[in-house]
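>>> No sequence on hand, only this structure:
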């Protein structure tokens, strides 16, 4: 069966979606225009294509190493960048509560304490958990 959307094409679409988010951020920062909405559309497109990729991965591999793959590809880079932000804030004299540090490092800081653009990490992590539960519960094998 030939797929209409290949892994390579999903990477290209994700790249376009990322550019749309960047354009949306720049547009909203330097003036109001129709381009502001490109960021929201880019996020939706990125999440949709990511969901498609999750389903294709599930069809190929099931739930084997599901969280391990996401941990390596999403969570570790997020923690690395967040740790750098925390270090910079500590150097600048900004100190947060232990609870805030923990929430920051696990990706569930809904107050967006350090970097307001990292809200999508919480969404992605929640989506992974929901996806896993749904596909685990509906798995007939």
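Noted; the coordinates are in hand. It should be emphasised that the depicted structure is a prediction, and the values quoted were computed from it without experimental measurement.
>>> If we go by neighbour counts, what in the helix or strand encompassing residue 76 is buried?
According to DSSP states H and E, residue 76 maps onto helix 76-91. For helix 76-91, the neighbour count (16 or more other CB atoms under 10 Å) marks 78-79, 82, 86, 89 as buried. Using the backbone N, CA and C atoms, a C-beta is placed for each residue, glycine as well.
>>> swap in stretch 4-14?
Buried-residue list, stretch 4-14, by 16+ other CB under 10 Å: 10, 13-14.
>>> Out of those, which sit inside helices?
Residues of the buried residues of stretch 4-14 located in helices (DSSP state H): 10, 13-14.
>>> got CSV for the residues you listed, with distance to residue 111 too?
As requested, those are arranged in CSV below (distance: CB to CB, whole Å):
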residue, distance to residue 111
10, 32
13, 32
14, 28
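>>> Closest one of the residues you listed to residue 125?
Using CB to CB, residue 14 comes nearest to residue 125 of those, at 17.8 Å.
>>> ok, now how distant is that closest one from residue 72?
Relative to residue 72, residue 14 is positioned 18 Å away (CB to CB, to the nearest Å).
>>> Ok, residue 49 next?
20 Å.
>>> From the neighbour counts alone, determine which of those two ranks first.
Legend: neighbour count by other CB atoms under 10 Å for residue 49 and residue 72, higher for residue 49 (19 against 11).
>>> Does the more buried one touch residue 17 like I think?
Yes - Residue 49 is within contact range of residue 17, at 6.9 Å (criterion: CB atoms under 8 Å).
>>> Below-threshold pLDDT in the chain: ranges please.
The chain contains residues with pLDDT under 70 at 1-3, 32, 140-141.
>>> which element follows the lengthiest helix in it toward the C-terminus?
For the chain, the longest helix by residue count, based on DSSP H, is helix 36-61. Once the chain leaves helix 36-61, the next helix or strand it forms, by DSSP H and E, is helix 66-70.
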